[in-house]
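Q: Here is a sequence with its predicted model. Questions after.
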Amino acid sequence: MSKTTQATLALKRAGVAFAVHLYEYHPDAARIGLQAAEAIGAAPERVLKTLMVEVDGKPVCTVIPSDRELSMKKVAAAFGGKHAEMMKPEAAERLTGFHVGGISPFGQKRKVPAAIEEAAMAHEQVIINGGQRGVMVELAPADALKALGAKAAALIA
């Protein structure tokens, strides 16, 4: 498993300090984000999952704590839309260039608007998928926002 991915390269290009955590990915885990949190020994609210969504038919990237669920109503509002729905896994893979279970908000093939759950901003460090199954990056949430050109928003139910 490589520590260098499109996501880590994007973070380096953005001048963001981060640490890499490797873990054994289990594709059959009921909730991959929670499995990752347990595997690296981090609190689930600090381990953020990347979910690709369509708002009024347009792709967006959302990043929320692994122990929480998205509110589609809040996602639509955060991106100035009326309707939001989860992107189909195949579409998310095509758009991002990453495989499901390894989708990172950093270094995606096509840049789309992004938002990070505002509650994550309270943590000194957060852990987000590093662009490959079993690779996570740890960084300051403000640095994640900067690297993505994202906004903090209320996204969870």
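A: Structure received.
Q: most centrally placed residue in this structure?
A: residue 50 (2.6 Å; Cα atoms, centre = their mean).
Q: Pairing partners for that residue in the sheet, please.
A: residue 63 (DSSP bridges).
Q: Read off the pLDDT value for it.
A: At residue 50, the model reports a pLDDT of 96.
Q: got it, and residue 131?
A: Looking at residue 131, the pLDDT reads 94.
Q: Confirm for me that it is in contact with residue 107.
A: Yes. Counting by Cβ atoms under 8 Å, residue 131 touches residue 107, with 5.7 Å between them. No exception for glycine: its C-beta is placed from N, CA and C like everyone else's.
Q: who's more crowded, the two?
A: Per other Cβ atoms under 10 Å, whichever of residue 131 and residue 107 has more neighbours is residue 131, with 29 against 22.
Q: does the more buried one sit in a helix, a strand or a coil?
A: strand (DSSP: H, G, I helix; E, B strand; the rest coil).
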